[in-house]
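A.B. asks: Quick one, structure for this:
(chains A, B, C and D)
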Number of protein chains: 4
Amino acid sequence: MVALTYFGIMRIFLVEAYFMSGSFGSKYKITFFGESHGEGLGVVIDGVPSGTVIDSERLRLEMRRRRPGQNEMSTNRDEADEVEFLSGVYNGYATGSPICAVVKNKNQHSNDYLAEERVARPSHSDYAAHVKYKGYEDYRGGGNFSGRTTLSFVIAGTLARMALDSDGIKIAARVLSVGGISDTPKSIVDCNGSTISNFHNMELPMASESAADEVRNLIYKCKQEGDSLGGVIECAIWGVPVGWGNPYFDSVESIISHLAFSVPSVKAVEFGDGCEMINMRGSMANDQFYRDKDGVKTSTNHNGGINGGISNGMPIVFKMYFKPVPSIAIMQNSISLSDLQERNITVKGRHDPCVVPRAVVVAESLAAIAIMELRP
Amino acid sequence: MVALTYFGIMRIFLVEAYFMSGSFGSKYKITFFGESHGEGLGVVIDGVPSGTVIDSERLRLEMRRRRPGQNEMSTNRDEADEVEFLSGVYNGYATGSPICAVVKNKNQHSNDYLAEERVARPSHSDYAAHVKYKGYEDYRGGGNFSGRTTLSFVIAGTLARMALDSDGIKIAARVLSVGGISDTPKSIVDCNGSTISNFHNMELPMASESAADEVRNLIYKCKQEGDSLGGVIECAIWGVPVGWGNPYFDSVESIISHLAFSVPSVKAVEFGDGCEMINMRGSMANDQFYRDKDGVKTSTNHNGGINGGISNGMPIVFKMYFKPVPSIAIMQNSISLSDLQERNITVKGRHDPCVVPRAVVVAESLAAIAIMELRP
Amino acid sequence: MVALTYFGIMRIFLVEAYFMSGSFGSKYKITFFGESHGEGLGVVIDGVPSGTVIDSERLRLEMRRRRPGQNEMSTNRDEADEVEFLSGVYNGYATGSPICAVVKNKNQHSNDYLAEERVARPSHSDYAAHVKYKGYEDYRGGGNFSGRTTLSFVIAGTLARMALDSDGIKIAARVLSVGGISDTPKSIVDCNGSTISNFHNMELPMASESAADEVRNLIYKCKQEGDSLGGVIECAIWGVPVGWGNPYFDSVESIISHLAFSVPSVKAVEFGDGCEMINMRGSMANDQFYRDKDGVKTSTNHNGGINGGISNGMPIVFKMYFKPVPSIAIMQNSISLSDLQERNITVKGRHDPCVVPRAVVVAESLAAIAIMELRP
Amino acid sequence: MVALTYFGIMRIFLVEAYFMSGSFGSKYKITFFGESHGEGLGVVIDGVPSGTVIDSERLRLEMRRRRPGQNEMSTNRDEADEVEFLSGVYNGYATGSPICAVVKNKNQHSNDYLAEERVARPSHSDYAAHVKYKGYEDYRGGGNFSGRTTLSFVIAGTLARMALDSDGIKIAARVLSVGGISDTPKSIVDCNGSTISNFHNMELPMASESAADEVRNLIYKCKQEGDSLGGVIECAIWGVPVGWGNPYFDSVESIISHLAFSVPSVKAVEFGDGCEMINMRGSMANDQFYRDKDGVKTSTNHNGGINGGISNGMPIVFKMYFKPVPSIAIMQNSISLSDLQERNITVKGRHDPCVVPRAVVVAESLAAIAIMELRP
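C.D. replies: Here you go, the predicted model:
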């Protein structure tokens, strides 16, 4: 291993052993595993109540929402992504035991990635992972840093939603903006009900058709140029009772952001009117209480349904900011991973110019996981 | 307990038992406790290496940075905030056993808070906590939702920094903006070294004197009006080696945001150029690699020192967005906690018009805690 | 620090940093802190449901059961052990926030322990701790290895029992044997109800008065000889519903034993007829089911109320085996901690010849903590 | 679901949701999944250092030691137990990412178990699990309570041993006694080196050939009678440095016992001379220190290498007590799971009369997992 010897000399390896942290949660515990081009990926889920109906068709539909290769906005890879349950499901019900769900990998074009010399892709994990794992990482297709790991979110999240159904908790998300083009209305909770219900069936879930058209064109154009785009997803959770979450450390915000920042490319997370609230005064930003026949409510929801880390009964609203996909077909400066000397790189392979539309179901899924974890 | 009976009728209490989650971390484990007007507050810290020098004077200085009542920008409360170590420190060194640090409460003006009737303060936790804890919460001064709990961050963070000194890891933060007035330069890492070092000694740590003057005036003006302001803190961590953190679930971003969202009033967290990156293309947003005599670097740092959840050797940069302080001396609509009927409220007591300047040391502290947790 | 330099030469310190693990549990989370001769000891308890009545008198009585210096069987130290709540209790109720309970140390005779040269006490943690903590440990009175840390079990366990009262779960323990003298009947569940109730008030809780007399005499005699004794405590938990616990890893046995082996001097833990079952055949050892008006029961209880790691509705029964107290006033071979050369030692100070009677309340307490943790 | 309706009437189901706890550890995190007669069983292992050589042949040999059907002492089932790695292994090395290892189930004779009516097998988990999981459990072959789950221990433990090799830590175990017949010498550490090395290759690893013959005959005889036997396994760990473990809660004993009590049929765990020490006085039970050229040692090892929860450099020795296998071909009283009325049962299917010989490798495996978790 040339890289290792070389690194040894550079004294980069100060630390003896580097580990992963592939688990999250104590009430709804999820353990991810798998790499993009290995045998398969999946998740062990511990916390689906025994007797929960496992609806395979619903899972298949949610998985398809995340899947690439379905339209011109995304990569041409066609990943079948069939979920196989190795345990914890019997006769169509959750048994209460850990559920291991696996998606076998197919259709890998490892040759797209396996070059004679590995040059670190800028803004990818390649260099950091190479140092962390001392050169032993399975780097093919991004390994366990691949966006493909998000299918484990979808599996775990969809099962969480099956369990949450009986609580009357509903979750929906949309693309709020891509490349500067924003959806209207400003807040997802102001969309009308049928629009929200329909997001689920849309390739590009936006309320405004014209905005969606603009985004579609922009993504297509960007793809032609070999460049990439970021964007924002807005997600709302309806029906969470008052009183879930904690002041510290497991505030509703802490749990959701912990999961959201485990999704590749997410660089900011915001609750309610988060960033905008810094320009308001308290008299404008406070959500005043009133009462109607259904109980206590707030007349605005700048706080996104959370006060002091705890749900206040209003819809929980959060946004995830995605940086542009780092894989671009434009030449960049970089370094070789074998000798750490400078090289140029033009990232090959089939890549999405924008992952935001496909990540909508990921946002909904992590929201569901978070709520199962926060459920008292 | 009128409230309880009443609530019982309203069938709000669907859940049997509600608990806190007062602990964080597995390598640097912190357990918070305490309420604003109870006996005291504090933290048990498990993970300070035995032999770490516990510098009480340094701790006293950091505590003073968080303390209110020191200038016209903040409340008139004067909290002495003396830290008492009950365990884990012997002869001035950390023993390796859990360190329990306590700050006894003094100078509580409970009468400011104890009214005959409790009306929920809008955008505070009052209502949500009242439901969660079934009316048994110690609500005086915000109880364990009080901003006063952040002193536990400062204690745990300062001890973390004492341990990190030997790793050559340095942390600094500043006020980036308040009420629309922003500091320059845009990024803290572009400030010159003496400016950064000096932030530590400033009541309002900003690089631009004129911006600081404007902010000071704005806060003062806002205080006169009984209103409040939010703002942004930017924090940087220098010297973290390549390879700390994980793709999921304990990405550098996940750990920092988990802690940041446990600080009252934080509604958004951003890494690197987070929110702005959504308007860049990949070709602009990617941080390209180069090499100098010190090793591999990136020519820009849009990603804030983190790729794929892992440190890449560049400074780690994050921002915390604070909503305006919800306590304002302006009349608002709300509800009574005893009968859930509508009432007006004008929040009394001594309150900061803007907590952002005092929260700078809290940001640095949680950064240090996060890094100790991420340290392999 | 002579020891450190010396140890450095011996290359014993291979490991960079040694930490404690002072926390246990996720539903009933306890965090211990404190040393025998420091400022104080205590525990942060996270998981007492809000609204639980905190009965201080009951706590005082339980604390007294553990307290030394009350009769001729134990040391002459008189430890007042007054519990102070710093947080989480308001108006006599648990608020739902973390409860920090502290017992300040008084009456330390540090001179009994502080010798010019520290010689490792055989079968104590002195040597192992000295290496682990690199010489920085607070060794006075055993530091955080002291049996005095068990008062944190009693606090956390008594609060757990206050919470469990509403579930109808009852716990009792007795001294089953000391120095070869055994109580009758063989199983605590065969004692009559009034005897069981009375254990709580007895200094030496045994059902057989004559056995108790023998034990008392033996302990007294052993004390005169400067020697020490071990023994067995048997504890039973009545009223746990069917279905608590897990096959792995948090079986009822795993959780109870994890806690039991955190009590100083415990060297074996057994459930039901544990050790004796190895000499039975299946046909003898199996607990056959029958049904009476109260539901399903087993005609024997060799398994101690646990099948497959899960409660089966029968009383949960376990035993803790205590080795003899290692502090004896008889000369032993040992080594100096400063130069690791051989020395003799005769342990001075006030020590119990047998801690088993005082540990009965500790056994009950950890049982209560375990049940709170296992409670779904 | 008759049982459920019926149970509903009986008001047994007081608790809303029952979960598993399938994960253990924070440094060497293992997550078990799988049922005896489902698709497969396995484990996700998080904590094998990147670069660890994964020796498939060694794993295959260890798996074979646990496998049934190899001789007349055990059941006739022949389980191939081939381990498939789905992730975390690349080019024969651990990558540092979570390793998911699966063993697919074959050769299930579900008809042996699937009767028209389920009668609870005495001392099995059937009844407790049926209540816990509300009748949704996959009960075939014991489901996830099956002894077959121990293959996950062997996989995780063998990989732990591959990682521990570089630390010079060695582990061996033997059958200490079965049905009253005990091996000699009394302690495994007194066996000579070649005997210890050879245990690894023996179907019935005992030092005394005559004792082994007696045990073999006894097991055979017992099998003929349709009855079953328990026994004791003794395990030792050599080479653990001084200073691993904690006084509470993660003492060496706590971690090992937590895992040991997750192995089916284990009802007692003992360290060093555990149970026997209750009959010794301190002067006899204490392990006195001396010094030889290799450093500090103790002249006896009654404490099994652990003082105050921390390793003291001597071999760590523990024993696991197994109750007799509860599956016996002799008629017993029990209840039906459909109506909870009394029934008789004679357990059919292929069962081991004694699992102790096959569990030797399980003991070694959990010891290795514990040491990886305790490793600082």
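A.B. asks: Pick out the residue in the stretch 151-300 of chain A sitting closest to chain D.
C.D. replies: The nearest approach of the stretch 151-300 of chain A to chain D comes at A:Ala163, 8.4 Å away (C-beta to the nearest C-beta). In this view, the C-beta of every residue, glycine as well, is placed from N, C-alpha and C.
A.B. asks: So what's the residue count around that residue?
C.D. replies: A:Ala163: 23 surrounding residues under other C-beta atoms under 10 Å in any protein chain shown.
A.B. asks: So what's the gap between the strand or helix carrying A:Ala368 and the chain middle?
C.D. replies: Per DSSP states H and E, A:Ala368 falls inside helix A:356-374. Put simply, helix A:356-374 sits 7 Å off its chain's centre (C-alpha atoms, centre = their mean, to the nearest Å).
A.B. asks: now do stretch A:256-269
C.D. replies: Its chain's C-alpha centre lies 7 Å from the corresponding centre of stretch A:256-269 when counted by C-alpha atoms, centre = their mean.
A.B. asks: and it with chain D, contact?
C.D. replies: No: Stretch A:256-269 is not in contact with chain D by C-beta under 8 Å from any C-beta of the partner chain; minimum separation 13.4 Å.
A.B. asks: Which of the three states applies to A:Ala173?
C.D. replies: Recorded secondary structure, A:Ala173: strand (DSSP: H, G, I helix; E, B strand; the rest coil).
A.B. asks: Quick check: closest non-adjacent residue to it.
C.D. replies: What sits nearest to A:Ala173 in space, not counting adjacent residues and going by C-beta to C-beta, 6 or more residues apart in numbering or on different chains, is A:Cys235, at 3.8 Å.
A.B. asks: What score does that neighbour have for pLDDT?
C.D. replies: A:Cys235 is assigned a pLDDT of 98 by the prediction.
A.B. asks: For burial, what's the neighbour tally of it?
C.D. replies: That count, for A:Cys235 with other C-beta under 10 Å as the rule, works out to 24.
A.B. asks: ok, what's across the strand from it?
C.D. replies: Note on A:Cys235: beta-bridge partners by DSSP bridges are A:Ala173, A:Phe318.
A.B. asks: How about the contacts made by it?
C.D. replies: Neighbouring residues of A:Cys235 by C-beta atoms under 8 Å, 6 or more residues apart in numbering or on different chains: A:171-173, A:188, A:317-320, A:363-364, A:367.
A.B. asks: can you do 7 Å?
C.D. replies: A:Cys235 sits next to A:171, A:173, A:318, A:363-364, A:367 when contact means C-beta atoms under 7 Å, 6 or more residues apart in numbering or on different chains.
A.B. asks: what's the answer for A:Gly38, then?
C.D. replies: Here A:Gly38 is in contact with A:105, A:138, D:86-87 (C-beta under 7 Å, 6+ apart).
A.B. asks: The same query, at a cut-off of 6 Å, please.
C.D. replies: A:138, D:87 (C-beta atoms under 6 Å, 6 or more residues apart in numbering or on different chains).
A.B. asks: what's the angle between the helix or strand where A:Ile219 lies and helix A:356-374?
C.D. replies: Per DSSP H and E: A:Ile219 is located in helix A:209-224. For helix A:209-224 against helix A:356-374, the angle by axes from the mean of the first three to the mean of the last three C-alpha atoms, to 10 degrees is 110 degrees.
A.B. asks: Which strands or helices does helix A:209-224 pack on?
C.D. replies: strand A:181-182 (3 or more C-beta pairs under 6 Å, 6 or more residues apart in numbering or on different chains; DSSP states H and E).
A.B. asks: The strand it packs on - what's its average pLDDT?
C.D. replies: 97.
A.B. asks: Quick one: name the residues of the stretch 51-200 of chain A near chain B.
C.D. replies: Counting by C-beta under 6 Å from any C-beta of the partner chain, the stretch 51-200 of chain A comes close to chain B at A:120, A:122-123, A:125, A:128, A:131-132, A:144-145, A:180.
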